[in-house]
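>>> here is my input, please return the structure:
(chains A and B)
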Amino acid sequence: DIVMTQAPDSLAVSLGERATINCKSSQSVLYSSNNKNYLAWYQQKPGQPPKLLIYWASTRESGVPDRFSGSGSGTDFTLTISRLQAEDVAVYYCQQYYSTPYTFGQGTKLEIK
Amino acid sequence: QVQLQESGPGLVKPSQTLSLTCTVSGGSISSGGYYWSWIRQHPGKGLEWIGYIFYSGSTYYNPSLKSRVTISVGTSKNQFSLKLRSVTAADTAVYYCARESRTLLRGFDIWGQGTMVTVSS
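The predicted structure is shown next:
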């Protein structure tokens, strides 16, 4: 199984500041035939299901604000929220869909400082 | 707009079988473009992928649960189901159904709201 490890486990950022969450996979999730990283980011608010934010490591899902961005390739990835807003308080997960069984990171809890 | 909705008993006794159904509205499982998954989340914990089914009936299960899991397409073709046998307290979780594009491969783009299942006598 591919192990996904996120850092940090929790993060407190001031409103309007940048939040950065890292995700590392135990093996590459870059599919060489199309040069796509099979890595997604999700946002989960209390009592709600996860919401897809980013796929292919850096492509924003339709309707996701442009303050959310993803970067990285191979085994190291980053989710950045450029200007934190109150509604961004949530737990964020990375997930690899390069190979089954699909696996998720342990989650990063984002709070307001 | 495709929507997913989980249903089933909220309480299951130890050693029995957990049975859940996911109803797909606004679309059809038999359209063939998607994998239909079950994912669970233990209370206060992370996400665990259980397995998926394709409309043809082909399945893939997480090896950690494979010996106890069956995912099947319902007779209505707009439902798919999860059966988890011989449950213990460790199977207490929120269970989600979710959709993944078979061609675009961009993660799980649509999720149900989830249903809490407690295993207890």
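>>> who is the closest residue to residue B:7 other than its chain neighbours paired with across the strands?
Using Cβ to Cβ, 6 or more residues apart in numbering or on different chains and skipping the chain neighbours, the partner closest in space to residue B:7 is residue B:21 (5.2 Å). For the C-beta atoms, the positions are set from N, CA and C on the backbone; glycine is no exception. Beta bridges link residue B:21 to residue B:7, residue B:81 when assigned by DSSP bridges.
>>> burial count for residue B:21?
A count of nearby residues for residue B:21, using other Cβ atoms under 10 Å in any protein chain shown, gives 17.
>>> can you pull the contacts of it?
B:6-8, B:74, B:79-82 (Cβ atoms under 8 Å, 6 or more residues apart in numbering or on different chains).
>>> for residue B:67, helix, strand, or coil?
helix (DSSP: H, G, I helix; E, B strand; the rest coil).
>>> next, count neighbours for it.
9.
>>> could you do residue A:29 as well?
If we define neighbours as other Cβ under 10 Å, then residue A:29 has 25 of them.
>>> which ones are touching it?
A:2, A:37-39, A:74-75, A:96, A:98 are the contacts of residue A:29 under Cβ under 8 Å, 6+ apart.
>>> in ChimeraX, select just the buried ones from the residues you listed.
Selection of buried members from the contacts of residue A:29 for ChimeraX, criterion 16 or more other Cβ atoms under 10 Å in any protein chain shown:
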select /A:2,37,38,39,75,96,98
